[in-house]
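Colleague: Fold the following for me, if possible:
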Amino acid sequence: MSRKKIYDYVLVVMKNLNLIVILYLAGIMAVSVSGAIRTGGAMELLLSAGEMVSAPWKLIILPLVLSAVLLLLLYIQVEGTQMLFWKICAETVTALLLSYVIGFSYMGMILLILADTLRYFPKSSHKFPVAIIICLCYLLLNNEFMVLSFDVTPLETYLAYFQADVRSILLGIQDIFASLNIFVFLIYMIVLLRSELNEKERIIGLNRQLHEANSELQKANLQLEAYAKEEEQMVATRERNRLAREIHDTLGHALTGIITGIEACTALMDVAPEAAQEQMKVIAEVARQGMTDVRRSVKALRPDALEKYSLEKALFTTVENMKKASHVDIEYRCDAVMDGFNHDEEDVIYRIVQEGITNAIRHGQADRIQIHISEDQGILTVRIKDNGKGCPDVKQGFGLHHMEERLRLLQGELHYNGENGFVIEAKIPIRWGQGRD
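Modeller: As a prediction, this is how the structure comes out:
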């Protein structure tokens, strides 16, 4: 059984018990007055009871009505401290009137009001002062001073009508009822205090858990700060590597074309000056394009060719520019649909072709390069083969290393062989980006 149900059950027991006691005392008074009127004796009782003698039914009806009013007030639930205060005042006044009607012979209703106040009064500094005032009312009403001050007929006067043995039994029953009411009230107070202690312990436990949670949160914040610093360093390292790759690819490609073109110009200078001048114009254009790409790389932008053209057009333009600048025979063939790739895929494909051409000319000293791009079952293959001097024992340099790094970001693979010339084969899983059929 929950605590709320226990409180409500004890309050119901107290309400019923108080109603029984009041009706019991009112019955004694009504029987005493009726008997005195019927026998024509007990003049002292008749004179003390006043107008009650002519209407003994009032001794039953008035306590019953006032008891009903009190129970109704106890049943009503209000919100707000001010409304609850006026409700308690109305309950107390009703209880005083009820005590007056029964000659201040029973004050258990005050304990009932106190129990109800402690049960429903908000948890604030006003609860206990109100409870103290109600307790003072209980002590004051239990004093004979009230009987003398208000000139009411005490219960002993009504009991005088009965024989001594009956009177003793009736008083004993009244004491039992009063003691039982106090006993139930004490049980209620014990349950209430225990609940208050449990609530305080629960709050202390929650505060302890909150403190522990705050400590864990502080530790987590420190770990998060450390992780953020580490992540910042990792990001800086990745950015440095990215810039190194971009500058290497861009400058390496441009410088290779420039060096090869200048060597060609040197050979043509004496025999064909006009051809050498045209070659110098091509070299200047390659240099300007390389500078533009370097600037864009530093600014974390894409290659200029991919900014201006589609991937297929950018690859074709790069191949043509390098052919003009270096006089190397570059055969380019594409059997794949080159539109609809994501930007990171386009960047990797472009840089692989660019780096493959640069390595073939710079390191392999090739004069013929074959580039073939194909697609099969969602895998794009970029194959670059040259007729250069090759390298039987390939040691991965800066270019191949960063080419492999780029492919790894796309879950791709890089294979190369330097037995007969040099062959680079890159395989890239296509993610079928938006716009791709």
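
Colleague: what residue ranges in the stretch 301-437 of the chain score low on pLDDT?
Modeller: Within the stretch 301-437 of the chain, the ranges that satisfy pLDDT under 70 run 301-304, 398, 432-437.

Colleague: In it, mark out all the helices, start to finish.
Modeller: 304-308, 311-326, 343-362, 398-409 (DSSP state H, counting those that start in this stretch).

Colleague: which stretch among those comes nearest N221?
Modeller: Among those, helix 398-409 comes nearest to N221, with 31.4 Å by CB to CB. (C-beta placed from N, C-alpha, C; glycine too.)

Colleague: Now do the closest one: which elements does it pack against?
Modeller: helix 164-271, helix 343-362, strand 413-417, strand 422-429 (3 or more CB pairs under 8 Å, 6 or more residues apart in numbering; DSSP states H and E).

Colleague: buried sites along stretch 98-112?
Modeller: Buried residues in stretch 98-112, counted by 16 or more other CB atoms under 10 Å: 98-99, 101-112.

Colleague: would you list the helices and strands packed on helix 398-409 in TSV and tack on distance to N387 and mean neighbour count?
Modeller: As requested, the helices and strands packed on helix 398-409 are exported to TSV (distance: least, CB to CB, whole Å; neighbours: other CB atoms under 10 Å):
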stretch	distance to N387	mean neighbour count
helix 164-271	15	14
helix 343-362	9	22
strand 413-417	14	16
strand 422-429	9	20
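
Colleague: Adding distance to A284, write the ones you listed out as JSON lines.
Modeller: Below are the helices and strands packed on helix 398-409 laid out as JSON lines (distance: least, CB to CB, whole Å):
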{"stretch": "helix 164-271", "distance to A284": "9"}
{"stretch": "helix 343-362", "distance to A284": "18"}
{"stretch": "strand 413-417", "distance to A284": "33"}
{"stretch": "strand 422-429", "distance to A284": "29"}
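
Colleague: ok, of these, where does mean pLDDT dip lowest?
Modeller: Among these, helix 164-271 carries the lowest mean pLDDT, at a mean of 78.

Colleague: ok so, going back, looking at the helices of the stretch 301-437 of the chain, which is nearest to A164?
Modeller: Nearest to A164 among the helices of the stretch 301-437 of the chain is helix 398-409 (109.3 Å), distances taken as CB to CB.

Colleague: between that closest one and strand 413-417, what angle do the directions make?
Modeller: On the basis of axes from the mean of the first three to the mean of the last three CA atoms, to 10 degrees, helix 398-409 is oriented at 150 degrees to strand 413-417.

Colleague: Tell me what angle helix 398-409 forms with helix 164-271.
Modeller: Going by the same axes, to 10 degrees, helix 398-409 makes 150 degrees with helix 164-271.

Colleague: quick revisit: show me the one of the helices and strands packed on helix 398-409 that comes nearest E156.
Modeller: Each of those has some distance to E156 by CB to CB; the shortest is helix 164-271, at 8.8 Å.

Colleague: Number of residues surrounding L17?
Modeller: 19 (other CB atoms under 10 Å).

Colleague: Adjust the sequence numbering to begin at 350 for everything that follows.
Modeller: With the count now opening at 350, the last piece we talked about shows up as L366.

Colleague: how close does it get to L411?
Modeller: Separation of L366 from L411 (CB to CB, to the nearest Å) stands at 20 Å.

Colleague: now R757
Modeller: To L411, R757 is 97 Å away according to CB to CB.

Colleague: just to revisit the earlier point, out of the helices and strands packed on helix 747-758, nearest to H751?
Modeller: Evaluated over these, closeness to H751 peaks at helix 513-620, with 4.0 Å, by CB to CB.

Colleague: Let's have the helices of the stretch 650-786 of the chain in CSV, adding distance to Y537.
Modeller: CSV is the format used below for those (distance: least, CB to CB, whole Å):
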stretch, distance to Y537
helix 653-657, 83
helix 660-675, 84
helix 692-711, 74
helix 747-758, 73
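
Colleague: closest one to N769 among those helices?
Modeller: Closest to N769 of the helices of the stretch 650-786 of the chain is helix 692-711 (CB to CB; 13.2 Å).

Colleague: ok and that closest one relative to helix 747-758, angle-wise?
Modeller: Using the same axes, to 10 degrees: helix 692-711 against helix 747-758 is 160 degrees.

Colleague: now helix 692-711 against helix 660-675, angle please.
Modeller: Relative orientation of helix 692-711 versus helix 660-675 (the same axes, to 10 degrees): 20 degrees.

Colleague: list the helices and strands helix 692-711 packs on?
Modeller: helix 513-620, helix 653-657, helix 660-675, strand 717-725, strand 728-735, helix 747-758, strand 771-778.

Colleague: Any idea which of the ones you listed gets closest to H692?
Modeller: Nearest of those to H692, taken as CB to CB: helix 653-657 at 8.0 Å.

Colleague: Pull the CA coordinates from the closest one and hand them back as PDB.
Modeller: This file holds the C-alpha atoms of helix 653-657, laid out as PDB (Å, rounded to 0.1, in the frame of the first residue of the first chain):
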ATOM      1  CA  ASP A 653      41.000  25.500 -60.900                       C
ATOM      2  CA  ALA A 654      40.200  23.200 -63.800                       C
ATOM      3  CA  LEU A 655      37.500  21.400 -61.800                       C
ATOM      4  CA  GLU A 656      36.000  24.800 -60.800                       C
ATOM      5  CA  LYS A 657      35.700  25.800 -64.500                       C
END
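
Colleague: Which other helices and strands does that helix contact?
Modeller: helix 622-647, helix 660-675, helix 692-711.

Colleague: chain center to it: distance?
Modeller: 46 Å (CA atoms, centre = their mean, to the nearest Å).

Colleague: rewinding a little: which among the helices and strands packed on helix 747-758 is found nearest to D684?
Modeller: helix 692-711 (13.9 Å).
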